[in-house]
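> Any chance you can model this:
(2 chains)
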Amino acid sequence: DAGITQSPRHKVTETGTPVTLRCHQTENHRYMYWYRQDPGHGLRLIHYSYGVKDTDKGEVSDGYSVSRSKTEDFLLTLESATSSQTSVYFCAITEGTDLSYEQYFGPGTRLTVT
Amino acid sequence: GIQVEQSPPDLILQEGANSTLRCNFSDSVNNLQWFHQNPWGQLINLFYIPSGTKQNGRLSATTVATERYSLLYISSSQTTDSGVYFCAVLENTPLVFGKGTRLSVIA
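Below is the predicted model:
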């Protein structure tokens, strides 16, 4: 499992509330990613990080922010949750070099916004 | 950006049957991976295979990079093979995923 944990694993929240999801890794990987998975859309990249305090946007970044103050933690924040952000969120890391790497996923967080 | 297409979108097999899943991509790639998402939602790495052929038990994969496709073979399928199989490729950006093939193996 490449030492990846996500918390919480399940969360129900109300529209308009802030939510933070945490991804934690234990193997000092440089690259970390946040994806969301929705029926009919597959896996879509939200944000990724290539080092402490180094992040970039992915395909569906609107409404999300991220922070990485330590190598081992990558946080995803929904500043004001909306029903369209109901989804399963996966964190991932990569092992290898910049041009030859393999990606591994965490167990996922199921978020429901009511 | 690069496009990834998987086929078929859905597949139903009798236990013990063999199957081939296909992944086509629109440009040359540096990496290609196959994943299995089981019915509990867990994403499991199957193969890292930017080119060539690899085998792992009843599963094998072949990527022909010059023709921009990869194949995943499942032999003697079992009910535990059910789930969604994703292909993902890397060009110059983070992995781009196909929409997956949903496999149901019936006992």
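
> Now chain B against chain A: closest residue?
Residue of chain B nearest chain A, by Cβ to the nearest Cβ: residue B:43 (4.0 Å). Placement of C-beta: from N, CA and C, glycine included.

> same for the helix or strand of chain B with the lowest mean pLDDT, what does it pack against?
Ranked by mean pLDDT, DSSP states H and E, the weakest helix or strand in chain B is strand B:96-97, scoring a mean of 90. Contacting strand B:96-97 under the criterion 3 or more Cβ pairs under 8 Å, 6 or more residues apart in numbering or on different chains; DSSP states H and E are the following elements: strand A:42-51, strand B:83-90.

> Secondary structure element holding residue 34?
All of this refers to chain A. Using DSSP states H and E, residue A:34 maps to strand A:32-38.

> Wait, chain B was what I had in mind.
Using DSSP H and E, residue B:34 falls in strand B:31-37.

> Tell me the residues of chain A that contact chain B?
With Cβ under 8 Å from any Cβ of the partner chain as the criterion, chain A meets chain B at residues A:33, A:40-45, A:48, A:58, A:88, A:90, A:99-105, A:107-108.

> what's downstream of the least confident helix or strand of chain B, the next helix or strand?
strand B:101-106.

> Now do the end-to-end distance for stretch B:50-62.
9 Å (Cα to Cα, to the nearest Å).

> Also stretch A:102-114?
OK, stretch A:102-114 end separation, Cα to Cα: 36 Å.

> That one: how far from the chain's middle?
Centroid separation for stretch A:102-114 versus its chain: 7 Å, with Cα atoms, centre = their mean, to the nearest Å.

> mind listing what's buried in that stretch?
Using 16 or more other Cβ atoms under 10 Å in any protein chain shown as the test for burial, stretch A:102-114 gives A:103-109, A:111, A:113.

> Are we agreed that residue A:107 is in a strand?
No: applying DSSP: H, G, I helix; E, B strand; the rest coil, one finds residue A:107 to be coil, outside a strand.

> Read off the pLDDT value for the residue nearest to it when sequence neighbours are not counted.
Residue nearest to residue A:107 in three dimensions, not counting chain neighbours: residue A:6, with 5.8 Å by Cβ to Cβ, 6 or more residues apart in numbering or on different chains. With respect to pLDDT, residue A:6 has a value of 98.

> Also residue B:61?
98.

> could you list every residue that touches the residue of chain A found nearest chain B?
Taking Cβ to the nearest Cβ as the measure, chain A has residue A:105 as its residue closest to chain B, at 4.0 Å. By Cβ atoms under 8 Å, 6 or more residues apart in numbering or on different chains, residue A:105 lies in contact with A:4, A:35, A:90-92, B:35, B:42-43.

> still on that earlier bit, which strands or helices does the helix or strand just after the strand holding residue B:34 pack on?
Next along the chain after strand B:31-37, taking DSSP H and E as the criterion, comes strand B:43-48. The helices and strands touching strand B:43-48, judged by 3+ Cβ pairs under 8 Å, 6+ apart, are strand A:101-105, strand B:31-37, strand B:52-56, strand B:59-64.
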